[in-house]
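> Model the structure of this input:
(one chain, ligands or ions: 1)
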Amino acid sequence: MQKFNKNLFPTDYASIVDKINKIHPEQYAKSSNFLNGHVTYLSPYISRGVISVKQVRDAVLKNGFSSFQSEKLIQELAWREYFQRVWQAKKELIWKDLKQAQPDVQHHKMPTALLEAFTGIQVIDEQIQHLYDGGYAHNHIRMYLAAIACNIGKAHWEQPAKWMYYHLLDGDMASNNCSWQWVAGAFSSKKYYCNQENINKYTHTNQLDTFMDTSYEEIIDMQVPNTLIATSNLQLTTKLPITELPKIDVTKPTLIYNSYNLDPKWRKNENVNRVLLLESSHFANYPVSENVLNFIIALSKNIQNIQIVVGEMDAIKALYEEKGMAIREAIISKEHPLFEHYPGIKDQREWLFPGVTGYFPSFSSFWKKCQR
Ligand SMILES: Cc1cc2nc3c(=O)[nH]c(=O)nc-3n(C[C@H](O)[C@H](O)[C@H](O)COP(=O)(O)OP(=O)(O)OC[C@H]3O[C@@H](n4cnc5c(N)ncnc54)[C@H](O)[C@@H]3O)c2cc1C
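Numbering: from 1, shown residues only. Model prediction:
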């Protein structure tokens with residue numbers, strides 16, 4: 001059953017391009033911090049590799065906006081690129097505290113009040129429900145959720161980050177883990193705090209008397225409020241469909257798509273097999289909700305002659321090997337830290353700043369290099 005909001009997140013390519021062309025970078029700069037602000041809602045397509053950050057920047061500039069008018073938007077796109085570079089450099093270590101141990105951790109579980117959307121902060125509870133139903137949360141809401149879980153509730157970031165990743169249509173391990181760590185003070189020099197006044201301001205609400213309704217000085221030293229004391233163990237699984245064995249013509253190469261690469265323009269005119277490979281091993285380690293899986297499958301329909309295969313890469317390899325064909329040029333994918341085990345040719349992803357590679361300890365050092 002499809003639950004994601006098809007109006008907000010259509011899956012056909014023409015509608016996605018239309019969304020890019022509707023971006024107004026000046027309105028974005030003025031209002032994007034507010035819950036009802038002019039944000040692009042493009043992250044589900046960027047994270048799933050349907051479009052690239054470069055494609056978004058190039059379209060905005062082509063539509064007549066100057067780099068000056070687009071600076072805030074380009075900087076946000078660069079945040080995404082920054083986290084991808086961190087991932088390329090750190091690989092599996094993005095699952096560990098990156099800069100320093102998260103300060104003031106009391107447990108490694110999920111605060112139940114967030115899981116069950118009963119924090120008592122109305123807009124937060126509503127937005128958790130939106131996350132469950134629609135697979136999206138505004139950046140400020142994500143920051144509030146992470147601050148409440150890790151800095152007020154004193155949970156280690158890993159379990160709550162897995163919870164959020166599970167539900168996000170735009171779930172991306174680099175943006176997600178690094179952002180959770182940034183809020184929690186494991187990938188930044190200090191923790192991020194918010195209070196009720198800040199929540200009210202950016203969500204246009206006016207609730208008072210919640211456990212967040214206090215000054216910044218007090219919130220930093222506050223004991224875990226009663227509402228956040230109960231914790232839960234997460235039970236996250238992905239139920240993958242059963243699919244038929246792929247029909248592969250081994251005289252042609254096979255392009256491998258996955259939940260991070262659903263680019264319909266990739267090698268579009270080549271005469272090849274095209275497989276969306278959903279590896280059980282991947283989803284066992286990094287589960288996503290049924291909503292997210294349906295979204296991924298719906299996006300794959302933009303790719304001509306795509307076959308959806310639930311199985312492991314070894315099964316695809318075996319089809320070539322059984323016929324005595326070499327794998328080296330037969331399997332083609334896009335470079336990605338999660339899929340290093342794929343054999344064969346790896347095409348590069350599209351980057352905003354292809355020359356700025358490697359690990360930078362902070363976004364500002366990365367951004368300075370990009371500006372140069
Ligand atoms: C705790 C937490 C978890 C997050 N998890 C994810 C995640 O799993 N996947 C994901 O794509 N983003 C994640 N983000 C970043 C950000 O919240 C989303 O990219 C953004 O809200 C997506 O909505 P949008 O496309 O409307 O963004 P817009 O504001 O319209 O921004 C345009 C694009 O810029 C990029 N961008 C904007 N803000 C950020 C940011 N802070 N960090 C990185 N890239 C950014 C995104 O690609 C986004 O699509 C997370 C942020 C936090 C605080």
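
> Measure how buried residue 308 is and give me the count.
18 (other Cβ atoms under 10 Å). For the C-beta atoms, the positions are set from N, CA and C on the backbone; glycine is no exception.

> how much space between it and the ligand?
23 Å (Cβ to the nearest ligand atom, to the nearest Å).

> Specify the beta-bridge partners of that residue.
Bridge pairing for residue 308 (DSSP bridges) gives the partners residue 276.

> Next up, the contacts around it.
241, 243, 275-276, 278, 297, 300 (Cβ atoms under 8 Å, 6 or more residues apart in numbering).

> how about the residues of the stretch 51-200 of the chain near the ligand?
With Cβ under 6 Å from any ligand atom as the criterion, the stretch 51-200 of the chain meets the ligand at residues 76-77, 79-80, 83, 138-139, 142-143, 146, 164-165, 168, 170-172, 175-176, 179-180, 183.

> out of the residues you listed, which are inside helices?
The helices in this structure, assigned by DSSP state H, contain 76-77, 79-80, 83, 139, 142-143, 146, 164-165, 175-176, 179-180, 183 from those.

> circling back to that earlier point, which of the residues of the stretch 51-200 of the chain next to the ligand are buried?
76-77, 79-80, 83, 138-139, 142-143, 146, 164-165, 168, 170-172, 175-176, 179-180, 183 (16 or more other Cβ atoms under 10 Å).

> closest to residue 200 among the contacts of residue 308?
Nearest to residue 200 among the contacts of residue 308 is residue 297, at 39.0 Å by Cβ to Cβ.

> The closest one belongs to a helix?
Yes. Applying DSSP: H, G, I helix; E, B strand; the rest coil, one finds residue 297 inside a helix.

> Measure how buried it is and give me the count.
For residue 297, the tally of surrounding residues (other Cβ under 10 Å) stands at 18.

> Setting aside sequence neighbours, what's the nearest residue to it?
residue 308 (6.4 Å; Cβ to Cβ, 6 or more residues apart in numbering).

> where along the protein do the strands fall?
110-111, 231-232, 254-257, 273-278, 306-310, 331-334, 345-347 (DSSP state E).

> Pipe those strands into JSON lines and attach distance to residue 8 and mean pLDDT per row.
Output for these, formatted as JSON lines (distance: least, Cβ to Cβ, whole Å; pLDDT from 0 to 100):
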{"stretch": "strand 110-111", "distance to residue 8": "26", "mean pLDDT": "98"}
{"stretch": "strand 231-232", "distance to residue 8": "29", "mean pLDDT": "98"}
{"stretch": "strand 254-257", "distance to residue 8": "24", "mean pLDDT": "98"}
{"stretch": "strand 273-278", "distance to residue 8": "23", "mean pLDDT": "98"}
{"stretch": "strand 306-310", "distance to residue 8": "24", "mean pLDDT": "97"}
{"stretch": "strand 331-334", "distance to residue 8": "27", "mean pLDDT": "98"}
{"stretch": "strand 345-347", "distance to residue 8": "30", "mean pLDDT": "98"}
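
> Point out where the stretch 1-150 of the chain drops to low pLDDT.
Applying pLDDT under 70 to the stretch 1-150 of the chain flags residues 1-4.

> quick one: residue 141 and residue 134, what's the gap?
Relative to residue 134, residue 141 is positioned 12 Å away (Cβ to Cβ, to the nearest Å).

> Those two: which is more packed in?
Between residue 141 and residue 134, counting by other Cβ under 10 Å, residue 141 is the more crowded of the two (21 against 18).

> Just confirm that one contacts residue 35, I think it does.
Yes. Between residue 141 and residue 35 there is a contact under Cβ atoms under 8 Å: 6.9 Å.

> shared neighbours, those two?
127, 203.

> on that earlier part again, in the contacts of residue 308, find the pair that's most separated.
241 and 275 (14.5 Å).

> Give me the more crowded residue out of those two.
Ranked by neighbour count (other Cβ under 10 Å), residue 241 and residue 275 place residue 275 first, with 26 against 9.

> for the more buried one, what are its contacts?
Taking Cβ under 8 Å, 6+ apart as the test, what residue 275 contacts is 246, 248, 254-257, 306-309, 316.

> if I read this right, residue 188 contacts residue 182, doesn't it?
Yes. If you go by Cβ under 8 Å, residue 188 and residue 182 touch, sitting 4.7 Å apart.

> The two: which has the busier surroundings?
residue 182 (22 against 17).

> Pull up the per-residue confidence for the more buried one.
At residue 182, the model reports a pLDDT of 98.
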